[in-house]
Structures are given as structure tokens and as C-alpha cells.
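> okay, here's the prediction I keep looking at, along with the sequence it came from:
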Amino acid sequence: MICEAAALNKYIEKSPNIFFIFGAEIVLRNHTRDQINKFFKKDGFTEKKILNEKEYSDIEKTIIENAGGSLFGSKTIIEILHNSGKIPKEIINIFEIPNINQMNNIVILIRSGLEKINKNTKWVKKMDAFSLLVDCKKLKSYEEKVWIKNQLEFMEEAHAKDYTNRIADIFSGNLIAQANEINILKLTYSKDIDNKKIDGDGAEFLPYELEDKIIELNTNYALRIIKSIKKNDDHYAPLLVWILGKIINTSINAHQNKNKKMSLENSGVWNNKIPNYMNFIKKNTLQKIMPLQKKIYELDLAAKGLTGITKDQFWQELDNMVIELTSR
């Protein structure tokens, strides 16, 4: 079964617990992943395992080991990363595992960097029979407005309509910039404030400056930003984690693609930032940066108060990660 990312809500409940995410729009790919994780978390899928290209040989073993559920009754989401090139046999072979569509204690989430697929190829037909393929293609202008409006459900209806038009007008055709503005609004919006600016000034500017200072490998300045936000605007903690996650995921994607510059462009990195990103990636090898994905996941939970980590521990871990990323 194949659906577009915007229609996922209509299919997710009826779908098998196997998903293949692809398409040219990275924001929609990430949003689809988050939507699936959120949906299954409500059903007790609290464990997560992530397998990258170096761990493809462990795919079948990981699926079988987790199919029976854990000793503590939790269920597992197995996320498999495929960044580029042909779909490897280890992923295709998932659909040869006996009773794969009846394993209710696992969700298999395959995140692919493929922008398009051919519905007539054997592996697509095989996946189509056992999974939901989610097409995250670029949106047309009217589809962008619908997408933005759907992300602003936390707002009063009149405000959501206003912000939808303003965000779509200012950042037309740039879903990454639109998503950034929505993330800020989620942290700062109040129904009692009718006219918030959508720009990069004031309190909104400092958190996003963190990305620049990290990719510039400017440790002291990056730590000053975090210290200032902790003191004056600690409600931005989830946004800082999101920014670090963006840097790490963007860098991993670039490492795993032959054309790093093209990968950065496809990830929505502005042209003037690409030289700094290239130098940052050179200093942060894939072996060094890959384990940080798990740390980001843990920090995200901590920022939302979903772990036993204290506030002081959270900010210290944030400092430690910045130091690790910017150390020369």
C-alpha cells in the first residue's frame, strides 16, 4: 500500500506494522517518522533500536529477537536507515521472514533517502504487499499551506489561519524554514498574544545562532549561548536539542553520501553555511558522530521531562555534547 505523507493519518491505523519512508522532502520524511513513533508510543512501543548501514547484517536477528517482546512487556520500534543507492538485499529479505506481518510486538520503520521508486520493480511489489510505503514528495504551494495549518493545531483557529498565510508567504517553497518557524511557535505561542513577529530577531535569534557557532567549531561562543539561554530563556531547551539533532543528522547524511555538498543542499543547508558544514564534517568523523544520535534522543526525552535526569544534569550534558562536537 502506498500513500502520500499528508494522508498518513488515514492509513496508519489500517497499516501493517512495517513502514517504508521515501521522497524528496526531508522535512516530510522526518515528520512522518515522528508521526509514526508518536502513534505507536501510545500503544506501548517505548523501546527503540536504530540500525545503520554497517549493521544491516543484524537486521534479521534484531527483528526475531524483539518479536516476542521484552521481559518488561515493552514493545520495540526498529528503525533502519538507508541513505542512498539500491535497496540492499538485507532490507528486501525482511519480507521473507515467516509471519513478518503478524509480529505485533515490533514496528519496522525503514527510512530511505530514495526520492522516487518504481512501482513495477520486484522489491517495491514485495514491500507493497506487507507494508505501508509513504511518499514524502515536494509539496505544491497550496499543499504547503494545508501542511502548515495542520502543524498549527495547538493555536486558536484565527491565529493559525494568520500564521499559516504569513509563514507560507515569507518562506514559500522552503519547508525546512517553515518547520523551523513552527517549532519556535510551539515553544513561544500564547493565545493571549495576537501579533508575534516571524523573523530572526530578539529572543528567537540566539537559539539559532547556536548552529552557526557549532559548525564554526567555536566552543566558547557556543557555550556562552547555552549559558545565556539556561539563565534567561530555559524554556528553549527542547529547541536547542532539536538544533543539535539537526546538525548531527545533517552531518551523518552527508558522511553517508558520496557527494557531501549535494547532500547538505538536499538537507536544506544554506549555501553560505556549506563551507563551515564541510569543515565541521571533516573534523567530526562518522564513527565519532553516529553514537550521538542516541544521546540526542535521550536529551530530547529529558528536555520534555520524560526521564529522571535533573535540570542541572541536562544542561551539563548539553555542554558536554557541544564540547565534543566542537573540539578540534
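Thanks, I have it. Numbers count the residues shown, from 1 in each chain.
> okay, now residue 52: neighbour count?
By other C-beta atoms under 10 Å, 16 other residues sit near residue 52. Quick note: C-beta positions are derived from backbone N, CA and C, even for glycine.
> and the strands in the stretch 101-250 of the chain?
Secondary structure of the stretch 101-250 of the chain (DSSP state E, counting those that start in this stretch): strands at 106-112, 132-135.
> will you turn the ones you listed into CSV that also has mean pLDDT, distance to residue 5 and mean neighbour count?
As requested, these are exported to CSV (pLDDT from 0 to 100; distance: least, C-beta to C-beta, whole Å; neighbours: other C-beta atoms under 10 Å):
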stretch, mean pLDDT, distance to residue 5, mean neighbour count
strand 106-112, 94, 13, 23
strand 132-135, 96, 6, 23
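> dump these to a markdown table, plus distance to residue 21.
Shown next, in a markdown table, are the strands of the stretch 101-250 of the chain (distance: least, C-beta to C-beta, whole Å):
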| stretch | distance to residue 21 |
| --- | --- |
| strand 106-112 | 5 |
| strand 132-135 | 5 |
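> among those, which comes closest to residue 59?
Minimum separation from residue 59 across these (C-beta to C-beta) falls at strand 106-112, 9.0 Å.
> other SSEs contacting the closest one?
Applying 3 or more C-beta pairs under 8 Å, 6 or more residues apart in numbering; DSSP states H and E, one finds that strand 106-112 makes contact with strand 18-22, helix 26-41, helix 59-66, strand 76-82.
> pLDDT averaged over stretch 281-292, what's the number?
On average, the pLDDT along stretch 281-292 is 92.
> buried sites along it?
281, 284, 289-290, 292 (16 or more other C-beta atoms under 10 Å).
> which other residues reach it?
Defining contact as C-beta atoms under 8 Å, 6 or more residues apart in numbering, one finds that stretch 281-292 is touched by 52, 217, 248, 251-252, 254-256, 260, 321, 324-325, 328.
> deepest of the helices and strands packed on strand 106-112, which one?
Across the helices and strands packed on strand 106-112, averaging neighbours per residue (mean count of other C-beta atoms under 10 Å) puts strand 18-22 on top, at a mean of 24.
> if we can go back for a sec, can you say which of the strands of the stretch 101-250 of the chain is nearest to residue 1?
Closest approach to residue 1 among the strands of the stretch 101-250 of the chain (C-beta to C-beta): strand 132-135, 5.2 Å.
> run the chain-centre distance for the closest one.
Distance of strand 132-135 from the chain centroid (C-alpha atoms, centre = their mean, to the nearest Å) equals 17 Å.
> next: stretch 20-33.
Using C-alpha atoms, centre = their mean, the distance between the centre of stretch 20-33 and that of its chain works out at 9 Å.
> ditto for stretch 155-169
24 Å.
> go ahead and confirm residue 33 touches residue 107.
No - Residue 33 is not in contact with residue 107 according to C-beta atoms under 8 Å; the separation is 11.1 Å.
> can I assume residue 85 sits in a helix?
No - secondary structure of residue 85 (DSSP: H, G, I helix; E, B strand; the rest coil): coil, not part of a helix.
> what about it, how many neighbours?
When neighbours are defined as other C-beta under 10 Å, residue 85 has 13 of them.
> against residue 135, how distant is it?
Separation of residue 85 from residue 135 (C-beta to C-beta, to the nearest Å): 19 Å.
> likewise residue 304?
From residue 304 to residue 135 the distance is 30 Å (C-beta to C-beta).
> what sits against residue 28?
With contact taken as C-beta under 8 Å, 6+ apart, residue 28 is in contact with 5, 136-137, 139, 147, 175.
> can we see that at 10 Å?
Taking C-beta atoms under 10 Å, 6 or more residues apart in numbering, we find residue 28 in contact with 4-6, 8, 21, 35, 134-139, 147, 175, 179.
> repeat for residue 84
With C-beta under 10 Å, 6+ apart, residue 84 has these contacts: 53, 112-115, 253, 256-259, 263.
> any regions of this structure where pLDDT drops low?
Where the chain drops to pLDDT under 70, the residues are 69-73, 188, 190-207, 328.
> now do the domain split for it, please.
Domain assignment for the chain by automatic domain parsing gives 2-135, 141-191, 203-326.
> any idea how far the nearest residue to residue 249 once chain neighbours are set aside lies from residue 223?
Once flanking residues are discounted, residue 249 sits nearest to residue 293: 7.2 Å by C-beta to C-beta, 6 or more residues apart in numbering. According to C-beta to C-beta, residue 293 and residue 223 sit 22 Å apart.
> now the longest helix belonging to the chain: buried residues?
For the chain, the longest helix by residue count, based on DSSP state H, is helix 237-255. If you call a residue buried by 16+ other C-beta under 10 Å, then helix 237-255 has these buried ones: 237-255.
> residue 49: which element?
Assigned by DSSP states H and E, residue 49 falls within strand 47-51.
> packing partners for that strand?
Contact here means 3 or more C-beta pairs under 10 Å, 6 or more residues apart in numbering; DSSP states H and E; on that basis strand 47-51 packs against helix 59-66, strand 76-82, strand 106-112, helix 292-303.
> tell me the angle it makes with helix 26-41.
140 degrees (axes from the mean of the first three to the mean of the last three C-alpha atoms, to 10 degrees).
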